[in-house]
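K.L.:
Got a predicted model here, sequence first, then my questions.
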Amino acid sequence: MPPMTLQPLPRGLIVSCQARPDNPLHGPAFMVAMAHAAQGGGAVAIRTEGLADVAAIHAALSLPVIGLIKRDGRADGVYITPEVVDVTALVSAGAQWVALDATLARPETELRELIAAAHAAGVGVLADLATVEDAVRAVDCGVDALATTLHGYTPGTRAEHRGVPNLDLLARLVGRFPQLPVVAEGRFGTPQHVAAAFGAGAHAAVVGTAITNPREITRALAGAVPDSP
Ligand SMILES: CC(=O)N[C@H](C=O)[C@@H](O)[C@H](O)[C@H](O)COP(=O)(O)O
């Protein structure tokens with residue numbers, strides 16, 4: 001069972017401030033600035049990746065931080081907060097919640113260990129999911145909130161990636177698990193998307209690329225420029 005001291009997951013817009021090493025905005029200085037901008041715009045929490053960015057944003061802002069660590073290279077394809085040591089390190093860095101891959105790709109015993117480690121450290125687990133079946137097991141294992149993050153990014157759902165939010169999955173999670181906060185995440189990029197998420201019963205919506213990734217925003221806009229005749 002989660003401890004009584006678990007921080008509630010804030011209700012509202014959560015901004016994902018993440019930049020991989022190949023991104024010109026990689027590093028805590030840029031991510032703290034992004035987080036400040038997000039706070040100024042009304043974000044209720046920040047989702048961020050890596051110990052340096054978690055620690056810097058936690059130190060600079062009053063908003064709660066949902067932390068994760070991305071590490072590639074596992075045979076099962078699990079890359080969002082793969083190991084128990086990642087959970088404990090994120091908590092030490094200041095994360096109030098940890099986000100982790102809770103899809104069926106991850107072995108159940110491992111998922112249970114990660115959840116136990118988070119709860120022992122007093123933080124909640126946001127389960128990044130791709131399907132309702134993922135969620136059924138994740139809830140049975142004791143996660144504290146559900147997110148649609150990984151729909152379109154797993155082998156079983158990659159073919160369903162449409163470049164738009166999956167409101168159907170969101171609504172099905174809300175209907176099936178009324179006892180848990182359900183977070184809309186993944187390709188929510190306009191006010192209309194966010195309104196639709198809350199219309200479908202979301203507790204919170206996480207927006208990343210559309211706010212904090214100028215290279216991708218530029219790519220999309222540049223792609224709309226017609227070729228010269
Ligand atoms: C699939 C995956 O690895 N998602 C990551 C999860 O932390 C991030 O790269 C996304 O930016 C985040 O989920 C927000 O989504 P979007 O950037 O579409 O608003």
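P.N.:
Yep, that arrived.

K.L.:
From now on I want contacts and neighbour counts done on CA atoms only, so please keep to that.
P.N.:
Noted.

K.L.:
Sketch out the low-pLDDT regions of the chain for me.
P.N.:
Under the criterion pLDDT under 70, the flagged ranges of the chain are 1-4.

K.L.:
near the ligand, which residues of it show up?
P.N.:
The interface of the chain toward the ligand, taken as C-alpha under 6 Å from any ligand atom, is made up of 16, 149-150, 153, 185-188, 206-209.

K.L.:
So how do I select the buried members of those in ChimeraX?
P.N.:
ChimeraX command restricting the residues of the chain next to the ligand to the buried ones, with burial defined by 16 or more other C-alpha atoms under 10 Å:
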select :16,149,150,185,186,187,188,206,207,208,209
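
K.L.:
Now do Val164: how many residues are near it, please.
P.N.:
12 (other C-alpha atoms under 10 Å).

K.L.:
cool, Gly122 as well?
P.N.:
Per other C-alpha under 10 Å, the neighbour tally for Gly122 reads 17.

K.L.:
hang on, it packs against Leu6?
P.N.:
Yes. With contact defined as C-alpha atoms under 8 Å, Gly122 counts as touching Leu6 (5.8 Å).

K.L.:
can you give me the helices for the chain?
P.N.:
Counting by DSSP state H, the chain has helices at residues 28-41, 51-60, 84-93, 108-120, 132-141, 167-176, 191-199, 209-212, 214-222.

K.L.:
Reformat those helices as a markdown table; add distance to Glu160.
P.N.:
As requested, the helices of the chain are arranged in a markdown table below (distance: least, C-alpha to C-alpha, whole Å):
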| stretch | distance to Glu160 |
| --- | --- |
| helix 28-41 | 30 |
| helix 51-60 | 31 |
| helix 84-93 | 30 |
| helix 108-120 | 25 |
| helix 132-141 | 14 |
| helix 167-176 | 12 |
| helix 191-199 | 18 |
| helix 209-212 | 19 |
| helix 214-222 | 20 |
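
K.L.:
Relative to Val78, which of these is closest?
P.N.:
Distance to Val78, taken as C-alpha to C-alpha, is lowest for helix 108-120 among the helices of the chain, at 11.2 Å.

K.L.:
For the closest one, name the packing helices and strands.
P.N.:
Judged by 3 or more C-alpha pairs under 8 Å, 6 or more residues apart in numbering; DSSP states H and E, the packing partners of helix 108-120 are helix 84-93, strand 124-128, helix 132-141.

K.L.:
For it, buried residues please.
P.N.:
For helix 108-120, a neighbour-count test (16+ other C-alpha under 10 Å) marks 111-112, 114-119 as buried.

K.L.:
and these, which two are the farthest apart?
P.N.:
Looking at those by C-alpha to C-alpha, the two members farthest from one another are Leu111 and His119, with 12.4 Å of separation.
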